[in-house]
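Enquirer: one predicted model, sequence on top.
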Amino acid sequence: MLITLEGLDGSGKTTVWEALHDVYPDATFTREPTDSWYGEAVGRSMGDPDADPLAELFLYTADHANHLSETVRPALAGGDLVVSDRYSDSRFAYQGATLARADTEIQRPLEYVRGIHAAFSRPPDATIYLDVDPETGAERAGRSDKFERGGYLAAVRDNYERLIDADPGRFHRVDAARAPEDVVARVEDIVAGLVDR
Ligand SMILES: Nc1ncnc2c1ncn2[C@@H]1O[C@H](COP(=O)(O)OP(=O)(O)OP(=O)(O)O)[C@@H](O)[C@H]1O
Ligand SMILES: Cc1cn([C@H]2C[C@H](O)[C@@H](COP(=O)(O)O)O2)c(=O)[nH]c1=O
């Protein structure tokens, strides 16, 4: 079973992901961007304010393709529970928002990014969405330009809502504004329910 953790920057994904290690010591814990050279290329692009948004989309997507073949598919084939801190929905939400702001010919960016993945990706079985408002997320993540980053994250959040509307059975929304211990407990309950099912 493939479970993904999604949400805005600072929503608490990594906190939850780390807590789940103790509960499921035999599971495969992974993340995107990965620490492969593809992920390093993504990191270079993220650090470049002038990075081409389409090129950046394809770097993230290349990292995803390698993540699938090197980690996710082998672990699933071996019967593992796989928990990924960010996965394809991050691309749909973030690059969908980036491309909507960019000067490109692409008319429906979120649908475009989904379409690129359709032929080769492996959708999650379940996705836990840590729901936090953009300002709180940006502040927790320590963004220096809070206003601008918050504005971008608002567009990303709108995209996550569209993804949830399109596939409500896959998403499990958790109020990530609550105290960390409450968020972790709620996520552990959800994962236990999914794994026992
Ligand atoms: N529920 C919470 N309430 C308050 N602070 C939190 C909560 N969850 C996490 N934090 C804090 O917010 C910061 C970001 O948390 P974390 O790294 O888990 O989020 P993230 O979603 O993985 O962020 P990013 O996407 O930026 O990597 C950390 O300092 C963490 O301790
Ligand atoms: C996988 C993925 C990530 N991003 C963005 C989201 C964050 O701002 C950074 C780094 O991720 P972190 O887990 O929050 O450290 O990358 C993205 O825009 N598109 C993606 O596909």
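Expert: Alright, I've got the coordinates. Ligands and ions are numbered 1, 2, ... in the order given.
Enquirer: residues of the helix or strand bottoming out on mean pLDDT in the chain that come out buried?
Expert: The helix or strand of the chain with the lowest confidence, counting by mean pLDDT, DSSP states H and E, is helix 146-166 at a mean of 86. Residues Arg149, Gly150, Tyr152, Leu153, Ala154, Ala155, Val156, Arg157, Asn159, Tyr160, Leu163, Ile164 are the ones in helix 146-166 that count as buried (16 or more other CB atoms under 10 Å). Just so you know, the C-beta spots here come from the backbone N, C-alpha and C atoms, and that holds for glycine as well.
Enquirer: tell me which residue of the chain lies closest to ligand 2.
Expert: Tyr94 (3.1 Å; CB to the nearest ligand atom).
Enquirer: hang on, that residue in a helix?
Expert: Yes - counting by DSSP: H, G, I helix; E, B strand; the rest coil, one finds Tyr94 located in a helix.
Enquirer: now the most centrally placed residue in the chain. Nearest residue, chain neighbours left out?
Expert: Centrality entry for the chain: nearest residue to the mean C-alpha point is Arg86, 2.8 Å, by CA atoms, centre = their mean. With CB to CB, 6 or more residues apart in numbering as the criterion, Arg86 has its nearest non-adjacent residue at 4.6 Å, and that residue is Glu32.
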